[in-house]
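Trainee: just need the structure, nothing else, for what follows:
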Amino acid sequence: MAGKFELKVAKNGKYHFSLKASNGQIILTSQMYASRATAANGISSVKTNAPLDGRYERKNSESGKPYFVLKAANGQVIGNSQMYDSEKSRDNGIQSVMKNAPDAAVVEV
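Mentor: Sure thing, here's the model as predicted:
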């Protein structure tokens, strides 16, 4: 099973998506979007930018947990990771997004 984007409507009527790896684990989540069309544009942007290592910003939370954000060419954040226990795990998460996002199907749930 390949990775997939799950596009959802929140209770407030806004749209958001998650990228899941082939094992079903969420590896990237989006912000909230006002419409389905803008969320679909966000997914397209993730697919375009995911293979580019320079688009990932590797960060640490205030509590010291590693995580990453994926940015578009204009610097806008288009996806956030979970918090990881180590930098190695975070880097593996980045590799998973790079591998899964470009060809991932979009499923509305």
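
Trainee: what about this structure, any weak spots by pLDDT?
Mentor: 1 (pLDDT under 70).

Trainee: tell me where it has helices.
Mentor: In the chain, the helices defined using DSSP state H lie at 36-49, 87-100.

Trainee: what packs against the first one?
Mentor: Here helix 36-49 is seen to pack against strand 4-9, strand 15-20, strand 66-71, strand 77-80 when contacts are counted using 3 or more Cβ pairs under 8 Å, 6 or more residues apart in numbering; DSSP states H and E. In this view, the C-beta of every residue, glycine as well, is placed from N, C-alpha and C.

Trainee: got a list of what the spatially most central residue of the chain touches?
Mentor: For the chain, the residue nearest the mean C-alpha position is Leu28 (2.7 Å; Cα atoms, centre = their mean). Residues near Leu28 by Cβ atoms under 8 Å, 6 or more residues apart in numbering: Ser18, Leu19, Val46, Leu70, Gly79, Asn80, Ser81, Val97, Ala101.

Trainee: make JSON lines out of the residues you listed and add neighbour count and distance to Ala2.
Mentor: Listed next are those as JSON lines, based on neighbours: other Cβ atoms under 10 Å; distance: Cβ to Cβ, whole Å:
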{"residue": "Ser18", "neighbour count": "17", "distance to Ala2": "15"}
{"residue": "Leu19", "neighbour count": "26", "distance to Ala2": "11"}
{"residue": "Val46", "neighbour count": "23", "distance to Ala2": "15"}
{"residue": "Leu70", "neighbour count": "24", "distance to Ala2": "19"}
{"residue": "Gly79", "neighbour count": "27", "distance to Ala2": "18"}
{"residue": "Asn80", "neighbour count": "15", "distance to Ala2": "22"}
{"residue": "Ser81", "neighbour count": "24", "distance to Ala2": "19"}
{"residue": "Val97", "neighbour count": "25", "distance to Ala2": "13"}
{"residue": "Ala101", "neighbour count": "24", "distance to Ala2": "11"}
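
Trainee: export these to TSV and append columns for distance to Val107.
Mentor: TSV is the format used below for these (distance: Cβ to Cβ, whole Å):
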residue	distance to Val107
Ser18	10
Leu19	11
Val46	15
Leu70	20
Gly79	17
Asn80	20
Ser81	20
Val97	17
Ala101	14
